[in-house]
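Participant: for reference, the sequence and a predicted model appear below.
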Amino acid sequence: MRIRAMGAAAGVLAVTALALPLHGTGPAQAASTTTSVVRGTAFPDPQVAQLSLAGCATMGGVAQQSPQAFIGTGVAAPPSGKRSLGYSLTGGSAVGALFQRPSMAATTTADLQVYAERASSAVVYAGYQEPADDGTVRVWVGRATVPVSSGAWQQVSAIGLGFTWTKRDLGTGAELQQGGTASIATFMAAHGGDGSGFYSIGAGCGGGKVSLDTFRVGTASAIRAFDLEGLATSTSISGTREVAAGEPAKLTGTLRDQNGARIARATLVLEQRTGDGPWKTVYRDEAERNPVVVDASGADPVVEVTPDETTSYRFRFADRPLAEGSASAPFEVTVADGKDEATPPAAEESEKPKKAPAPSDAPEAPAPSSTPAAPAPSGPAKPSASTSDEPAPEQKPDEQPSEKPDPTPSPDASTSTPAAPESTEPAADAATPAG
């Protein structure tokens, strides 16, 4: 059994039945947990775990809505990491996790963490293909509900629930047979034993805001955990390396996420320092204290600066709910030394010692006289004028500007009905913006 998520942003489900090898349970042992960090909504292995949007009454009965996703710190500290993934729902549909399983009998962990704005319920679906239906599109789908309280993170698990079972033809969506209510273990024992399948866990059936984090799935020996976090970012800077005093230099900033894509509604702040001093905000107008904050979402911004002395610059992206902050490496703009050209020739000459006359040019000695000659008037030479460059007054440090992130709409979700088998691998969801 393989499940394919339709709709890149919303994760609307279409179930496709494919034959997979059966696996039996092994000896009990302590489970080891491997945690993967999910940047945005791009799950690293969609065949293990991905986002889903399912109907609350029936799996394919998704309400007509396009849930807006938010990545952020939420109203309470998330169970893992710094961020969680949130949705605002109108009711009738549930967002959550989809886990595909090669062996339903061997799966001992399938859960996620939920924070709900209002008390509601989570809907859990289990898919199971009995051995007699191997190679067909006939699949048993079980449904169960779990109460979700408000105002606190809680774990919702698919393990140990009693499901109400219905066999369906996934090619047509037709209902074929009712199967009563039973746990997955009891139901499989009555229908030929272990088989491949899936678990889908979704919250928000009653509407309102829900947040998700820490998806877990696995066996008694190995568990995969998924920590939902913001986008990783990288910031860089390039530009003019050397200018004459008073001449402008151009600086170009770039900002990308971990996949090399631009970030919606992103801005960069320009900072500077001289020597090993502290980083300070660059202002467009020093009197008005208007910081240089440039848009980096649609194109790489270019800024002109006119340093009075050799100065290092950097672009900084402020940490926000959608994406983690980053700063570029320092970029030094050298101001050429123009002191030699600025020194007046006369002053330069006056600073040199007077050349003594050569012996051959010396005047003849006067004839001896009985009356000593009066000494020639002498006095100290007047020093020549010189100028020195005073350093520019150091800029007072100021608080870094804070940036308020704006959510960016996710692509619209689309409702789909169970589909026939396909060999297409599921595509990872596109990263959605923060709120």
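Facilitator: Received the coordinates, thanks. Owing to the predicted nature of the structure, the values given are computational and were not obtained by experimental measurement.

Participant: only C-alpha atoms for contact and neighbour calcs from this point on.
Facilitator: OK.

Participant: what about Arg138, how many residues nearby?
Facilitator: By the criterion of other C-alpha atoms under 10 Å, Arg138 has 23 neighbours.

Participant: show me the shaky parts of the stretch 201-350 of the chain.
Facilitator: For the stretch 201-350 of the chain, the stretches flagged by pLDDT under 70 are 338-350.

Participant: helices of that one, residue ranges please.
Facilitator: For the stretch 201-350 of the chain, the helices defined by DSSP state H, counting those that start in this stretch cover 339-342, 345-350.

Participant: now do the stretch 51-200 of the chain
Facilitator: Using DSSP H, counting those that start in this stretch, the helices found in the stretch 51-200 of the chain span residues 184-190.

Participant: how about the strands in it?
Facilitator: Taking DSSP state E, counting those that start in this stretch, the strands of the stretch 51-200 of the chain run over residues 68-72, 84-89, 93-101, 109-116, 120-128, 138-148, 153-157, 163-169, 175-182, 197-203.

Participant: mind giving me the packing neighbours of the longest one?
Facilitator: Strand 138-148 sits against strand 120-128, strand 163-169, with contacts defined as 3 or more C-alpha pairs under 8 Å, 6 or more residues apart in numbering; DSSP states H and E.

Participant: and the strands of the stretch 51-200 of the chain: which comes nearest Gly61?
Facilitator: strand 93-101 (7.8 Å; C-alpha to C-alpha).

Participant: which helices and strands sit right next to that closest one?
Facilitator: Against strand 93-101 (3+ C-alpha pairs under 8 Å, 6+ apart) you get strand 49-55, strand 109-116, strand 197-203, strand 208-218.

Participant: touching the last one from outside, list them.
Facilitator: The contact list for strand 208-218 (C-alpha atoms under 8 Å, 6 or more residues apart in numbering) reads 49, 74, 78-80, 84-91, 96-97, 99, 107-118, 203-204, 223-228.

Participant: got the domain boundaries for the chain?
Facilitator: Domain assignment of the chain by automatic domain parsing yields the ranges 2-229, 233-335.

Participant: most packed of these?
Facilitator: Mean neighbour count (mean count of other C-alpha atoms under 10 Å) peaks for domain 2-229 among the domains of the chain, with a mean of 21.

Participant: what residues are up against the closest residue to Ser157 other than its chain neighbours?
Facilitator: Nearest residue to Ser157 in three dimensions, chain neighbours excluded: Asp111, at 4.1 Å (C-alpha to C-alpha, 6 or more residues apart in numbering). If you count contacts by C-alpha under 8 Å, 6+ apart, Asp111 has them with 155-159, 201, 215-217.

Participant: pull the most distant pair out of those.
Facilitator: Ile159 and Phe215 (13.6 Å).

Participant: any residues in contact with both of the two?
Facilitator: By the contact definition C-alpha under 8 Å, 6+ apart, Ile159 and Phe215 are jointly contacted by 110-111.

Participant: from Ser149, how far out is the closest residue to Ser93 other than its chain neighbours?
Facilitator: Counting by C-alpha to C-alpha, 6+ apart, Gly55 is the residue found nearest to Ser93 once chain neighbours are left out, at 4.5 Å. Between Gly55 and Ser149 the distance is 20 Å, computed by C-alpha to C-alpha, to the nearest Å.

Participant: next one: Phe315
Facilitator: 44 Å.

Participant: same check on Gly239?
Facilitator: 55 Å.

Participant: ok, Gly171 next?
Facilitator: On the measure of C-alpha to C-alpha, Gly171 and Ser149 end up 37 Å apart.

Participant: what do you get for Val210?
Facilitator: Distance of Val210 to Ser149, given as C-alpha to C-alpha: 11 Å.

Participant: just Asp213 next, same as before
Facilitator: Per C-alpha to C-alpha, Asp213 is found 16 Å from Ser149.

Participant: Ala31 too?
Facilitator: With distances taken as C-alpha to C-alpha, Ala31 is found 29 Å from Ser149.

Participant: what of Asn290?
Facilitator: The gap separating Asn290 from Ser149 is 47 Å, by C-alpha to C-alpha.

Participant: what do you get for Gly195?
Facilitator: Counting by C-alpha to C-alpha - Gly195 and Ser149 are separated by 33 Å.

Participant: how about JSON lines for the helices and strands packed on strand 93-101, with distance to Ala245 added?
Facilitator: Converted to JSON lines, the helices and strands packed on strand 93-101 look like this (distance: least, C-alpha to C-alpha, whole Å):
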{"stretch": "strand 49-55", "distance to Ala245": "56"}
{"stretch": "strand 109-116", "distance to Ala245": "58"}
{"stretch": "strand 197-203", "distance to Ala245": "63"}
{"stretch": "strand 208-218", "distance to Ala245": "54"}
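
Participant: Thr73: what's it in contact with?
Facilitator: Residues in contact with Thr73 (C-alpha under 8 Å, 6+ apart) are 82-84, 321.

Participant: err, Val123, not the other one
Facilitator: Val123 is in contact with 56, 94, 143-146, 201-203, 205, counting by C-alpha under 8 Å, 6+ apart.

Participant: one more time with 10 Å
Facilitator: 54-59, 93-96, 143-148, 156, 158, 200-205 (C-alpha atoms under 10 Å, 6 or more residues apart in numbering).

Participant: Arg241 now?
Facilitator: 249-251, 310, 331-335.

Participant: one more time with 6 Å, if that's ok
Facilitator: Applying C-alpha atoms under 6 Å, 6 or more residues apart in numbering to Arg241 gives the contacts Val333.

Participant: do the same with Ala105
Facilitator: If you count contacts by C-alpha under 6 Å, 6+ apart, Ala105 has them with Asp194.

Participant: distance-wise, check the residue nearest to Ser32 when sequence neighbours are not counted relative to Arg216.
Facilitator: Distance criterion C-alpha to C-alpha, 6+ apart; nearest residue to Ser32, sequence neighbours excluded, is Ala222 at 4.9 Å. For Ala222, the distance to Arg216 (C-alpha to C-alpha) stands at 11 Å.

Participant: partners of Glu242 in the sheet?
Facilitator: Glu242 forms beta bridges with Thr334, as assigned by DSSP bridges.
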